[in-house]
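# below are the sequence and a predicted model; questions follow.
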Amino acid sequence: MKTSLKYRENIIDSRRVVIKIGSRVLCQKSGKPNMKTIRRLTDEIAAIQKSGREVILVSSGAVGTGMESLNMTKRPEKVSDLQMAASVGQCHLISRYENLFAALGCRIGQVLLTHEDFKHKVRLTNVRRTLENLMRNKVIPIINENDVVADEELKAHATLGDNDYLAALVTKLVKADLLIMLSTVDGVKETDKAGKAKRVRYIETVNRKIFALVADSTSTLSKGGMGSKLRAAQSVSKAGCLTIIADGRKAGVLPKIIEGKDVGTVILASGT
C-alpha cells in the first residue's frame, strides 16, 4: 500500500468532521453564488451526515454574496461597507443552505462567532454546549465569522483568514477527528526539477520547509491562502486531528475524502 493511502486509513473511521468551504469555491468572481457548486456540496455533506457521522460546516461566502446583492464589483476596503455586505450576504447565503438541506431532509442551525467567543471562558463553554447539542439532535451547525459586529476580524492585521483559523478553533473546541478544508486547488503544490507543479500527497509535519512551498494568494473575494490553511492544519495537528486540503470544485470530492481516496493533501496529526 502506498504511504499516502496508509495515512488516510483513519479517515474512514472519523465520526466527527468539520468541513470548511472557502469563498472562491462558493462564489463566482463577481461575488454571485455558484449555485451548482453549492447544491453539489450540500448533497455531499448531507450524505456524510446520513452515514452516521456528525458534521459541522464552516462556510465563507457571506461578504461575496452580499457584494453581488449590492452590485459591488470588488471587495470593499471600508470596514463599514464590509459589514454591510456581510449582513446582506449572510441572509442570502443561509437561506440557500436552508432550502437545499431541507430538501434533503437535513436540519441546520446558524452560529456566528468572533475571536472574543474563544477568549472568554463562559462564552466558549456556551458555544461548545450549543454545538454539541445541535449535533446530538442531528442538526448541522453552519458557522461563519460574525463580521457584522466584529470589525477587528475584517481588518488585514487581525483577520481570521477567510475562516481558516476559525475552522481550526472550532475543530479543537469540539475535538473533531477530521478537518476538511475545501479550496480552489487540489492540495499543497510543489515544483519538481522540471519546473512542473505537482500535488503533495501527504505532509507529516508542517514546518518552515512546508511553508516555503506556498505563497498566500490574493483575491477580491477571499482573505485566505494556502499559508493560512497550513497554519490551521498545524494547529489542529497538535490537537491530534487530521486535515485534508482539497479542491472543492471537483465533483465527488467529499465522498472520496471520507472513503480514504488519494485526493488533495493530508496533513497528519502529531504522533500519527
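On my side now, so go ahead.

# could I get the buried residue list for stretch 82-102?
Within stretch 82-102, the residues scored as buried using 16 or more other CB atoms under 10 Å are 82-86, 88-90, 92-94, 96-97, 100-101. (Each C-beta comes from the backbone N, C-alpha and C, glycine too.)

# quick one: contacts of stretch 205-215?
Stretch 205-215 is contacted from outside by 188-190, 200, 203, 225-227, 230-231, 233-234, 237, 267-268, 270, using CB atoms under 8 Å, 6 or more residues apart in numbering.

# can you rerun that using 6 Å?
Residues from elsewhere that reach stretch 205-215 (CB atoms under 6 Å, 6 or more residues apart in numbering): 190, 203, 226-227, 230, 233-234.

# what does stretch 6-15 give?
Contacts for stretch 6-15 (CB under 6 Å, 6+ apart): 53, 177-178, 202, 260, 266.

# find the pair from those residues with maximum spatial separation.
The most widely separated members of the contacts of stretch 6-15 are Arg53 and Tyr202, with 22.2 Å between them, by CB to CB.

# higher neighbour count, those two?
Tyr202 (21 against 17; other CB atoms under 10 Å).

# so the more buried one is in contact with Val266, correct?
Yes. Look at Tyr202 against Val266 with CB atoms under 6 Å: they come within range, at 4.8 Å.

# what about stretch 259-267, distance to the chain center?
Put simply, stretch 259-267 sits 16 Å off its chain's centre (CA atoms, centre = their mean, to the nearest Å).

# repeat for stretch 190-206
22 Å.

# mean confidence for it?
Summarised as a single mean, pLDDT over stretch 190-206 is 84.

# then that stretch to CSV, C-alphas only?
Provided in CSV are the C-alpha atoms of stretch 190-206 (Å, rounded to 0.1, in the frame of the first residue of the first chain):
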residue,chain,number,x,y,z
GLU,A,190,5.5,21.8,-5.0
THR,A,191,7.6,22.4,-8.1
ASP,A,192,9.7,19.5,-9.4
LYS,A,193,13.1,19.7,-11.1
ALA,A,194,11.4,20.3,-14.5
GLY,A,195,9.5,23.3,-13.1
LYS,A,196,6.2,21.5,-13.1
ALA,A,197,3.8,21.9,-10.2
LYS,A,198,2.7,18.6,-8.6
ARG,A,199,0.5,17.7,-5.7
VAL,A,200,1.9,16.9,-2.3
ARG,A,201,0.0,13.8,-1.3
TYR,A,202,0.8,13.9,2.4
ILE,A,203,2.6,16.1,5.0
GLU,A,204,3.9,14.5,8.2
THR,A,205,4.8,17.8,9.9
VAL,A,206,4.0,21.4,9.0
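
# kind regards, and thank you for your time.
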